[in-house]
Structure formats: C-alpha cells, structure tokens
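[1] predicted coordinates and the sequence they were generated for:
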Amino acid sequence: MGQYFLAGNPQIAIKLRRSSRSSRISLRISKLNGEVALIIPKHVSEDKAIEFAESQKDWLLERLANVQGEEPVRIGCEIPFKGVKCRVVSGSGRQVLVSGDVLHVPGPVLRAGPRLEVWLKAQARDGLAVAADNFAKKIDRSYSKLAIRDPRSRWGSCSIEGRLMFSWRLIMAPPQVLDYVVAHEVAHLVEMNHSSAFWNVVDKLMPGFEPHRQWLRKRGDTLLQYSFSG
C-alpha cells in the first residue's frame, strides 16, 4: 500500500499493509530489523489507521529502542528447540543429535548454522505434518498440500484450495504453540474467516488455546532474530 513517516526525532517509517483477514488496526515491529508495519483491516480507512499509529508514537519509540537485531547461529550459541534453550556444540558423525539441552552439530564449524537450519526444517516438517493430520481428522476435513517457508509477517496460512503453509521456525517454540498455529490454520478448512464460528472450531481442536496464542503474540518475534546463514 505504501509507506507513512511518523514525524519526530527520530522519524519512524511505517509500512502500510491492507489485510482482509484482520478485524482491527494493529502495529507490528520486527525484532529482526525494527521494521514497523501498520495492519489495516479491509473496512478501515487509511486516515483512521494513521491516526491510530500517531496515538501510539510513544509506545513505538519504546519498543524500537529494545530491538536487538539478528543473532547469528554458530557453535557455542544458544537457540530454542521445542521451547527449550539449547546450546550448540560441535558433534561427530553425520546427523545433528539432541542430548538434553545440547544440540550436537557435525561438520565444519563455519557450516554449523546452515547445517542446523536444514535439520530444524526437517524436524518442523515432520511435527507440522503430524499435527495437521491429527487436527484435520478431528473435523473430518483434508488439506491438499503442506509447505514450510520462512515468512516474516505470519506463522501460517490456509488457502481456499486447502493448501497449508507454516513457518519452520515454529519448531523452536513450545510444542503447544506449534499445535495452536496448526489448529488455527486447519480450522480455516471449515471457516475461511475469523468469526465466532471459526474460533469455536479452534476451541474444539485445541481447548484452552489462548495462552499459546498470547505466547506467540508476545514472544513470537524472538524466533525471527536467529540467523542461520553462517
């Protein structure tokens, strides 16, 4: 949609994003690079959304001051895996191995990040597929395809054709958080909206999902800060 600059010192650049799925105006700040996005529901005018952003200026400045940037993944660092902070160490053999809260990564030290990323993606695909199959079976629906990506603005999606997409970084979150995202997207196989009927389906699939939804809202951005590029 374009960009808006919030006056001040410093000036804040805000990307404007129209969303047909959002029911309220919201501001999102990437903890990866500090990018600010203003999410505008379909029925809300751009002027009203900008007025909301202006009212949140002090909050934005406070949050932007806490942006830490990327954290490179390498031998000796710590990353979360299934909600547990794990130390990355050099390993032997051909496979990444998990031992308690330690991840043993074989191969050249300088390739530890990319090697670990490949392994995490495989773990995510398996975990997401199992959860999607289980939830789809509960509501007697099926999906046409499951893909994993590395999106920056959403954790999952469901197309009208039944294609599911998820962020592989969910494997770093607590298992219940991964399950919530899958339940959320599978529920769209029944209701392609966020009506009360939709949330009833989510509740049927995963009773007591709200704490896991809040975890994602409050701490989800921390999963994006890890850089595996090596």
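    Right, received. Where do you want to start?

[2] next, count neighbours for the closest residue to L128 other than its chain neighbours.
    Distances taken as CB to CB, 6 or more residues apart in numbering put F166 closest to L128, at 5.1 Å, once the chain neighbours are dropped. For the C-beta atoms, the positions are set from N, CA and C on the backbone; glycine is no exception. F166 has 28 neighbours, counted by other CB atoms under 10 Å.

[3] identify the bridge partners of F166.
    Beta-bridge partners for F166, by DSSP bridges, are I148, G156.

[4] where do the strands sit along the chain?
    In the chain, the strands defined using DSSP state E lie at 2-6, 12-19, 26-29, 36-41, 71-72, 78-81, 84-90, 97-99, 102-105, 145-149, 156-158, 163-167, 226-227.

[5] what helices or strands is the fifth one leaning on?
    Contact partners of strand 71-72 among helices and strands, from 3 or more CB pairs under 8 Å, 6 or more residues apart in numbering; DSSP states H and E: strand 226-227.

[6] neighbouring strands - and their directions - for the strand it packs on?
    If you go by DSSP bridges, strand 226-227 pairs up with strand 71-72 (parallel).

[7] for the partner strand, what is the average pLDDT?
    Average pLDDT, strand 71-72: 89.

[8] then stretch 178-195?
    Stretch 178-195 carries an average pLDDT of 97.

[9] and stretch 133-152, by the same measure?
    Averaged over stretch 133-152, pLDDT sits at 96.

[10] what comes up buried for the worst-scoring helix or strand of the chain on mean pLDDT?
    In the chain, no helix or strand scores lower on mean pLDDT, DSSP states H and E than helix 57-65, which sits at a mean of 82. By 16 or more other CB atoms under 10 Å, the buried positions in helix 57-65 come out as L60.

[11] isn't E71 right up against L223?
    No: between E71 and L223 there is no contact under CB atoms under 8 Å: 10.9 Å.

[12] so which of the two has more stuff around it?
    Higher neighbour count among E71 and L223: L223, with 21 against 15, using other CB under 10 Å.

[13] which pLDDT value goes with the residue nearest to the more buried one when sequence neighbours are not counted?
    Excluding the flanking residues, the one nearest L223 by CB to CB, 6+ apart is R169, at 4.4 Å. Among the per-residue scores, R169 holds a pLDDT of 97.

[14] try L32
    The model's pLDDT for L32 equals 65.

[15] and Y4, by the same measure?
    Y4 carries a pLDDT value of 88.

[16] centroid-nearest residue for the protein?
    W155 (3.7 Å; CA atoms, centre = their mean).
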